[in-house]
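*Asks:* Quick check, what structure comes out for this input:
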Amino acid sequence: METHSTKQVRVLCAHVSEHMGQLVTIHGWVHSIRHLGQLAFVHVRDRSGIMQCVLEGELTETSLSLESVVSVTGTAEYAPKAPGGIEIRTASVQCISAAAQLPFEINKKTISARLDTVLDHRVLSLRHPQLHSTFRIQASLAGAFRDFLCRRDFTQIFTPKIVASGTEGGSNLFPVDYFGRQAYLAQSPQFYKQMMVGAGYERVFEIAPVYRAEEHNTSRHLNEYVSLDVEMSFIRSEEELMDLEQEMLQYMLEMVATECEAELASLGVDVQLPTDIPRITVAEAQRILQRKYGKTSPKGDLDPEGERLICQYAAEKGKHACVFITRYPREIRPMYTMPASENGALTASFDLIFNGLEITTGGQRIHDYEELLASIRSRGLNTDHFAGYLDVFRYGMPPHGGFAIGLERLTSRLLGQSNVREASAFPRDRTRLAP
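*Replies:* Residues are numbered from 1 along each chain as shown. Below you'll find the predicted structure:
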């Protein structure tokens, strides 16, 4: 409990129970204050939880405001009515940094302010225990993603985020002045994933931000988000990729259920592990939507309502609310997507719709140099812009494919959040560039 300088060592709130009857010091934020006669009950919050501190006598006159940063020293005691049945009988309290009046309350069970207000004061709102739970769960998802792939001999890679061209041509790119040359923020690590596969690593993955300069402002889109990318070689078809993702999602959600049991409970979330995820073509999905819900869909694709309804259909069939949608038309897929073996107008690609929202796009890639060259030209793209990418295909490229999961979308769908911005610590959209 003491250092060589005899100063009291900090104890986390969750560990105070290990020091009953002893003098302890906790640091944290003032979560709530309640005066009761000659007593004051101050709840102090740190990263591990909340501890009740009892102030008596002159200590009750200590000037404290909600969210001020404090240091409290006192004796740990049993108290049946206190949170966790433990409190600190305070001997001294120091206000390290006083907080100004809050723009909204953050010590309630939920934040009642509008989302825009919450995001305008993001650092303050991030202190709320509910948001702590969100981002601990998100961190667990990313960690489990990495762990699953490393155990299967995948190599983690780190690719450039300043690039000379986009993976899908020149659209949806943020331009960058690169020492007088035109460059862009990467909209995907796709080319580099494939290059690393072609370089002999065979199985690679990356966890990194990507950037999309799309003029949207919806509850499902961000202009910067974290992408969980996977690429693997020597596959026979895209079916292997769907097998891998299903197994990986099971592992990720199982790890979250184990590591974040308290956080999930605080959010009222019951994790269901997806098994035997249905795989249906986009044409079949459109027929189901028309027949069962009278829903018409855009050509060769599903709109947001269609994604929600097809998951509803899967749940009604006794499956989890997630579906693999396959066989998208070539014209709406990137130029590197492998045509379907039975119909060249379709592709060996898929999306995963999870709890009503697309969280994954993936598929087999074209690995033949001449075929890829022809595909690029068929889109009216200049092959010179893809010279560095194409070069690796000239020297032997194995059959390969991969997929990418949007981490914020996965998090928000798992937790039942209505807006993907809630699953981004500092969201970037069309109008928001700060904080």
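*Asks:* got the CA coordinates for the helix or strand of the chain with the lowest mean pLDDT in CSV?
*Replies:* Lowest on mean pLDDT, DSSP states H and E among the helices and strands of the chain sits helix 387-391, with a mean of 91. Taking Å, rounded to 0.1, in the frame of the first residue of the first chain, the C-alpha atoms of helix 387-391 are listed here in CSV:
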residue,chain,number,x,y,z
ALA,A,387,0.4,-0.1,-62.9
GLY,A,388,1.8,-0.8,-59.4
TYR,A,389,-1.1,-3.0,-58.5
LEU,A,390,-1.2,-4.8,-61.8
ASP,A,391,2.5,-5.5,-61.8
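*Asks:* Which residues does that helix contact?
*Replies:* Residues outside helix 387-391 that contact it (Cβ atoms under 8 Å, 6 or more residues apart in numbering) are 164, 191, 194, 195, 369, 372, 373, 376, 383. From N, CA and C alone the C-beta is placed, and that goes for glycine too.
*Asks:* Most neighbours among the residues you listed, which one is it?
*Replies:* residue 194 (26 neighbours; other Cβ atoms under 10 Å).
*Asks:* Now name the helix or strand holding that one.
*Replies:* In this assignment (DSSP states H and E), residue 194 forms part of helix 190-196.
*Asks:* next one: residue 204
*Replies:* Assigned by DSSP H and E, residue 204 falls in strand 203-211.
*Asks:* so how far is that strand off the chain centroid?
*Replies:* Distance, stretch centre to chain centre, for strand 203-211: 13 Å (Cα atoms, centre = their mean, to the nearest Å).
*Asks:* which of the residues in the least confident helix or strand of the chain are buried?
*Replies:* In terms of neighbour count (16 or more other Cβ atoms under 10 Å), helix 387-391 has its buried residues at 389, 390.
*Asks:* any low-confidence regions in this structure?
*Replies:* Counting by pLDDT under 70, the chain has low-confidence residues at 1-7, 168-171.
*Asks:* mind redoing it with 80?
*Replies:* 1-8, 166-171, 318-319 (pLDDT under 80).
*Asks:* Excluding chain neighbours, what is closest to residue 292?
*Replies:* residue 313 (6.3 Å; Cβ to Cβ, 6 or more residues apart in numbering).
*Asks:* From what I see, that neighbour and residue 288 are in contact.
*Replies:* Yes. Counting by Cβ atoms under 8 Å, residue 288 is a contact partner of residue 313 at 5.9 Å.
*Asks:* so how far does stretch 378-398 reach from one end to the other?
*Replies:* By Cα to Cα, to the nearest Å, the extent of stretch 378-398 from end to end equals 23 Å.
*Asks:* Stretch 42-61 too?
*Replies:* Note: stretch 42-61 ends 12 Å apart using Cα to Cα.
*Asks:* Tell me the buried residues in that stretch?
*Replies:* 42-46, 49-55, 59-60.
*Asks:* Show me where the stretch 251-400 of the chain has its strands.
*Replies:* Along the stretch 251-400 of the chain, counting by DSSP state E, counting those that start in this stretch, strands occupy 279-281, 322-326, 349-354, 357-364, 400-406.
*Asks:* Was I right to think residue 70 contacts residue 96?
*Replies:* Yes. Between residue 70 and residue 96 there is a contact under Cβ under 8 Å: 6.2 Å.
*Asks:* Now do the shared contacts for the two.
*Replies:* residue 27.
*Asks:* Of the two, which one has the most company?
*Replies:* residue 70 (20 against 10).
*Asks:* which other residues reach stretch 365-384?
*Replies:* 169, 194, 335-339, 386, 390, 393-394, 397-402.
*Asks:* What residues does residue 419 make contact with?
*Replies:* 115, 219, 412.
*Asks:* So which of the residues you listed wins on neighbours?
*Replies:* That'd be residue 412 among the contacts of residue 419, by other Cβ under 10 Å, with 25 neighbours.
*Asks:* what secondary structure does that one sit in?
*Replies:* Three-state assignment for residue 412 (DSSP: H, G, I helix; E, B strand; the rest coil): helix.
*Asks:* That one contacts residue 420, doesn't it?
*Replies:* Yes. Between residue 412 and residue 420 there is a contact under Cβ under 8 Å: 4.9 Å.
*Asks:* you'd agree residue 146 is in a helix?
*Replies:* Yes. Counting by three-state DSSP, residue 146 is part of a helix.
*Asks:* Leaving out the residues flanking it, which one is nearest to residue 19?
*Replies:* Here the residue nearest residue 19, using Cβ to Cβ, 6+ apart, is residue 76, at 5.1 Å.
*Asks:* The one you found belongs to a helix?
*Replies:* No. Using three-state DSSP, the assignment for residue 76 is strand, not a helix.
*Asks:* Run through the residues that contact it.
*Replies:* Here residue 76 is in contact with 16, 17, 19, 20, 21, 22, 24, 86, 87, 88 (Cβ under 8 Å, 6+ apart).
*Asks:* Need the buried ones from these selected in PyMOL.
*Replies:* Selecting only the buried entries of those in PyMOL, with 16+ other Cβ under 10 Å as the criterion:
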select buried, resi 16+24+86+87+88
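*Asks:* Please produce CSV containing the contacts of residue 76, extended by distance to residue 344 and secondary structure.
*Replies:* Below are the contacts of residue 76 laid out as CSV (distance: Cβ to Cβ, whole Å; DSSP: H, G, I helix; E, B strand; the rest coil):
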residue, distance to residue 344, secondary structure
16, 67, helix
17, 66, helix
19, 70, helix
20, 73, coil
21, 77, coil
22, 75, coil
24, 71, strand
86, 68, strand
87, 71, strand
88, 71, strand
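*Asks:* Switch the contacts of residue 76 over to JSON lines; also include distance to residue 233.
*Replies:* Converted to JSON lines, these look like this (distance: Cβ to Cβ, whole Å):
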{"residue": "16", "distance to residue 233": "53"}
{"residue": "17", "distance to residue 233": "52"}
{"residue": "19", "distance to residue 233": "55"}
{"residue": "20", "distance to residue 233": "58"}
{"residue": "21", "distance to residue 233": "62"}
{"residue": "22", "distance to residue 233": "59"}
{"residue": "24", "distance to residue 233": "55"}
{"residue": "86", "distance to residue 233": "55"}
{"residue": "87", "distance to residue 233": "59"}
{"residue": "88", "distance to residue 233": "58"}
